[in-house]
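Visitor: Build me a structure from this.
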Amino acid sequence: MAAYAKPKPALMLALGYATGIPFLLIGDTLTAWLRVDGLSLQVIGFFVLVSFSYTLKFMWAPLVDRLDVPVLTRMLGHRRSWMVVLQVLIAVSLLGIAATDPKTSLVQMAFFATLTGFFGATHDIVLDAWRIEAADNTEELGVMTAAYQWGYRIAFIVSGVVPLLLATRIGWPAAYATMALMIAIGWICVWLAPRGPKHEPRPIHVEGLAVRPAQEIVEWTLRAVLLVAAAIIMGSGLTANADLINGTVGHFGVTPAAQAAFKDVFTSKTTGPFLQLPFVIAGLSLMFVACVPLPWKTRPGAYFQGAFIAPLTDFFQRYKNWAGFIFALICLYRVSEFTLYIANAYYIDLGFSLEAVGEMRKVYGALMTMIGVVIAGWLIIRVSLRTALIVGAVVGPFSHVGFLILACSGHSLNALGMALALDNIAASIQGTVLITYMSTLVSPQFTAPQYALFSGFYAILGKLVASQSGRIVEASAKAADAGGFSSVFKGLMGHLTPDAYVKAAAKLGVSVPAMGAGYFAFFAYTVVIGFVAIAMSIWLFIRYKPPTPETPAALDG
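Guide: Residues are numbered from 1 along each chain as shown. This next block holds a predicted model:
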């Protein structure tokens, strides 16, 4: 523990806390406010998009990497100057949310929530880059990453519990204003943080290219339109919501009847998944097209060549034939954890109240998270990063055994506590190890854009996988009653508590044992899909050899 008491890890703890605060405040906590105020689930579903900046942050990471903050950059250095400004902007945006009433000013609230997400995601870019650059070696990077994860997880608990408790006493606006003030902890720590190495991004060469203002405005505009279209298409696919598409095409003469027909097909449980995945792929493809330089040389094209193509080219050149494999491992490493998007619904279906879940999370969430982070840090420092990568891949899916036991137990606080404890320890180990691993992959010349690219792409896959969780549970429950594959699990439901799955089974039109079997089959599936990451981690451990000592050795241990 002495390693965590040093100045840089201690500061990283506070900075991790500051960057974690806004994420949940525009996510689960905000949806609770909207639901309490009587907004429909359909409207609440739109608010998933306000956090989309965390997925797309790699798009503007190169800009942040190159633009200085006037006056402050000379005083604090590049990274810290951005953190100071962004934390103020996050606090102001949260105050904007606090000042709005969703019943009368929903669009205004969505605007401030989107701003909060944008500033929070940009703060992530800067803090991740500072963490990587400030570490003197892999061991210190592991300690700082563990401290970062610790602070981030504490922020999740605080922003998920404190506003709910305050809202019942002083109201939602005052609760959000209080959370905005809590950003000050991180703001003070930025001033105390060390300056870090001199920031020297690779220059973008525009020498010899003629300045053509009119043509450049047209090119920038077309690229912006493509990016907006990509966000709409990909966002619709990830959220399984057709309203954003319909709202857009409605301005171009598409009839209401055609919009309704499209919505029925797009949101159907049978045909929807076959459309939603292509929409995500199409959105990603449009993003790529928007960032590709034109066949002829232009100044905007030179920017995209240096800001996006060069970081990707650098990564693939350094890791050669292993680059695609490593990139796939990053995207798949936490796929089992991503499926737990339906956890709150699962607890409710078991008969737990949200208050009971909140109390259990306060105890098991905070304590077990700390234990998991310490274990991950110890593995990275005392064993090796590549061994820790395998351990994280194994404990992630196998921790879901606790959810399998809970599925057969019903409304049992002991079983819930065990499931939460196992999941929080494993998730902390996995998260800390993966962040450290991704940090070792980046080049010093492309720290911010490359790390933002890694974290953005694995978040996209996570949203896609999570969107199918509910469908898998319901399909498995119906199959259990129909004598399908999941019917073998019905026999495990003989010791359920009387209130477990009763409402959920009635709503879906299946028996209580079938509902339990559906959840059991789902959590068994989350364990099985984790074997992909386990196999890939072991294969990388056995076969991958860093080509040269100068190359950033992702697995040098």
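Visitor: wait, what's in contact with Phe485?
Guide: For Phe485, the contact set (Cβ atoms under 8 Å, 6 or more residues apart in numbering) comprises Ala479, Ala521. The way it works is simple: take the backbone N, C-alpha and C, and place the C-beta from them, glycine included.
Visitor: Sketch out the helices for the stretch 151-300 of the chain, chain order is fine.
Guide: For the stretch 151-300 of the chain, the helices defined by DSSP state H, counting those that start in this stretch occupy 172-181, 184-192, 213-239, 243-249, 256-267, 272-291, 299-304.
Visitor: Can you list the helices and strands that the fifth one packs against?
Guide: Spelled out, it's helix 256-267. If you count contacts as 3 or more Cβ pairs under 8 Å, 6 or more residues apart in numbering; DSSP states H and E, helix 256-267 packs onto helix 243-249, helix 272-291.
Visitor: looking at the helices of the stretch 151-300 of the chain, which is closest to Ala356?
Guide: Among those, the nearest to Ala356 by Cβ to Cβ is helix 172-181 (21.0 Å).
Visitor: For that closest one, name the packing helices and strands.
Guide: Packed against helix 172-181 by the contact rule (3+ Cβ pairs under 8 Å, 6+ apart) you find helix 7-25, helix 78-98, helix 138-170.
Visitor: let's see 10 Å
Guide: Where contact means 3 or more Cβ pairs under 10 Å, 6 or more residues apart in numbering; DSSP states H and E, helix 172-181 is packed against helix 7-25, helix 28-36, helix 78-98, helix 106-134, helix 138-170.
Visitor: domain assignment for the protein?
Guide: According to automatic domain parsing, the chain comprises the domains 1-197, 213-297, 316-557.
Visitor: Where does pLDDT dip in the protein?
Guide: Scanning the chain for pLDDT under 70 picks out 1-5, 40-46, 48, 196-197, 199-207, 341, 354, 362-363, 467, 546-557.
Visitor: So for it, the centremost residue is which one?
Guide: Geometric centre of the chain, nearest residue: Ala459, 4.8 Å, by Cα atoms, centre = their mean.
Visitor: Helix, strand, or coil at it?
Guide: helix (DSSP: H, G, I helix; E, B strand; the rest coil).
Visitor: Enumerate every residue touching the nearest residue to it once chain neighbours are set aside.
Guide: Using Cβ to Cβ, 6 or more residues apart in numbering and skipping residues adjacent in sequence, the residue nearest Ala459 is Thr55, 4.8 Å away. In this structure, Thr55 makes contact with 117, 121, 231, 234-235, 238, 455-460, 462-463, judged by Cβ atoms under 10 Å, 6 or more residues apart in numbering.
Visitor: want to try CSV for these, with distance to Leu30 as columns?
Guide: As requested, the contacts of Thr55 are arranged in CSV below (distance: Cβ to Cβ, whole Å):
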residue, distance to Leu30
Gly117, 10
Ala121, 16
Ala231, 20
Met234, 21
Gly235, 17
Leu238, 18
Ser455, 22
Gly456, 22
Phe457, 25
Tyr458, 24
Ala459, 18
Ile460, 21
Gly462, 19
Lys463, 17
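Visitor: Make sure Val373 is actually in contact with Ala426.
Guide: No: judged on Cβ atoms under 10 Å, Val373 makes no contact with Ala426 at a distance of 11.6 Å.
Visitor: Kindly reformat the helices and strands packed on helix 256-267 as JSON lines and extend each row with distance to Lys198.
Guide: Below are the helices and strands packed on helix 256-267 laid out as JSON lines (distance: least, Cβ to Cβ, whole Å):
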{"stretch": "helix 243-249", "distance to Lys198": "43"}
{"stretch": "helix 272-291", "distance to Lys198": "28"}
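Visitor: is it possible to export those to TSV including distance to Cys408 and mean neighbour count?
Guide: Conversion of these to TSV gives the following (distance: least, Cβ to Cβ, whole Å; neighbours: other Cβ atoms under 10 Å):
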stretch	distance to Cys408	mean neighbour count
helix 243-249	39	16
helix 272-291	28	17
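Visitor: closest one to Trp187 among those?
Guide: Of all the helices and strands packed on helix 256-267, it is helix 272-291 that lies closest to Trp187, at 32.5 Å by Cβ to Cβ.
Visitor: can I get the CA coordinates of the closest one in PDB?
Guide: Coordinates of each C-alpha in helix 272-291 appear next as PDB, following Å, rounded to 0.1, in the frame of the first residue of the first chain:
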ATOM      1  CA  GLY A 272     -34.600  -5.500 -35.200                       C
ATOM      2  CA  PRO A 273     -31.200  -7.100 -34.400                       C
ATOM      3  CA  PHE A 274     -30.600  -7.800 -38.100                       C
ATOM      4  CA  LEU A 275     -31.000  -4.100 -38.900                       C
ATOM      5  CA  GLN A 276     -29.400  -2.600 -35.800                       C
ATOM      6  CA  LEU A 277     -26.000  -4.200 -36.300                       C
ATOM      7  CA  PRO A 278     -25.700  -3.000 -39.900                       C
ATOM      8  CA  PHE A 279     -26.700   0.500 -38.700                       C
ATOM      9  CA  VAL A 280     -23.800   0.400 -36.200                       C
ATOM     10  CA  ILE A 281     -21.400  -0.800 -38.900                       C
ATOM     11  CA  ALA A 282     -22.700   1.800 -41.400                       C
ATOM     12  CA  GLY A 283     -22.200   4.600 -38.800                       C
ATOM     13  CA  LEU A 284     -18.700   3.500 -38.100                       C
ATOM     14  CA  SER A 285     -18.000   3.300 -41.800                       C
ATOM     15  CA  LEU A 286     -19.300   6.900 -42.300                       C
ATOM     16  CA  MET A 287     -17.100   8.100 -39.500                       C
ATOM     17  CA  PHE A 288     -14.100   6.500 -41.200                       C
ATOM     18  CA  VAL A 289     -15.100   8.100 -44.600                       C
ATOM     19  CA  ALA A 290     -15.400  11.500 -42.900                       C
ATOM     20  CA  CYS A 291     -11.800  11.200 -41.600                       C
END
